[in-house]
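Novice: missing the sequence, but the structure's below:
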């Protein structure tokens, strides 16, 4: 496994199937990538969970039924198919709460769940390259990882 640092000029070059960014509040790269994705990340943030009709709620209550409506958490990762817009297959946004180790762990978990595709990680504000190297837990996987620093984001 090799973790390499990419400069801003190479950030959008082909080579990784999976790109991971933080939320737009914590990453200038997320804003740039969201622009390229036609604001799909922003639109997903504005999504509201559906509300059941009053009549349906009355019927459920009258029948003494229990209905669990799944709700996405604000901290859940969001995956967008991005082949039409970017030189990758999918882009995943993982919200960053300021906890470096937790965010890097979430990146690792998403990567593992996708069966370790080639990955490019756009680090959020507050995480430096050495922080990433230190907290990256999957050193056993033979896949190269490219990292783009927040400080190199321009636009």
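Specialist: Here it is on my side, so go on. Bear in mind that the values here come from a model prediction, so they are computed numbers and not experimental data.

Novice: from the middle of its chain, how far away would the helix-or-strand element of the chain with minimal mean pLDDT be?
Specialist: In the chain, the helix or strand scored least confidently by mean pLDDT, DSSP states H and E is helix 54-62, which has a mean of 83. Distance of helix 54-62 from the chain centroid (CA atoms, centre = their mean, to the nearest Å) equals 37 Å.

Novice: Can you list the strands that the very next helix or strand once past it pairs with?
Specialist: Going down the chain from helix 54-62, the next helix or strand is strand 78-81, by DSSP states H and E. When pairing is defined by DSSP bridges, strand 78-81 lines up against strand 90-93 (antiparallel).

Novice: and the next helix or strand after the partner strand, how far out from the chain's middle?
Specialist: Per DSSP H and E, the first helix or strand lying C-terminal to strand 90-93 is helix 100-113. Averaging C-alpha positions (CA atoms, centre = their mean) puts helix 100-113 10 Å from its chain's average.
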